[in-house]
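Asker: Here's a sequence, model it:
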Amino acid sequence: MMQQELERVSSLNTTINDDGALLNSAKEEHIGMGGTMKGARGVLRKLGRQDVRDALILRCAIIFYWMVVAYVLWSRIKVPFLP
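Answerer: Now for the predicted structure:
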């Protein structure tokens, strides 16, 4: 009976050690992923800023285009009451 109890405790000890090693492995992997997530967050913020900048540039280009079109039409069609 004592032998069986000793084997059970030994088996339990082995299981606990294996589970501890597995938890340590998961912890190390989690710590490694933390840096990756921070890097990805930074890249996503940078992409968001570039998207806003690109939209602003596009709007300015469209406004500039229509101003040029208006100037060309104004210079070609002389309206007497406009300077």
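
Asker: where does this protein dip in pLDDT?
Answerer: 79-83 (pLDDT under 70).

Asker: Recalculate using a threshold of 80.
Answerer: In the predicted model of the chain, residues 32, 34-36, 78-83 satisfy pLDDT under 80.

Asker: For it, which segments are assigned as strands?
Answerer: Ranges of strands within the chain: none, based on DSSP state E.

Asker: Just give the number of residues close to Gln4.
Answerer: Other residues near Gln4 number 8, with proximity taken as other C-beta atoms under 10 Å. Backbone N, C-alpha and C define where each C-beta goes, glycine included.

Asker: and if you look at the one 4 residues further on?
Answerer: Arg8 sits with 10 neighbouring residues when counted by other C-beta under 10 Å.

Asker: All further residue positions should be reported with the first residue as 847.
Answerer: With the count now opening at 847, the last piece we talked about shows up as Arg854.

Asker: ok, it to Ile862 distance?
Answerer: Separation of Arg854 from Ile862 (C-beta to C-beta, to the nearest Å) stands at 13 Å.
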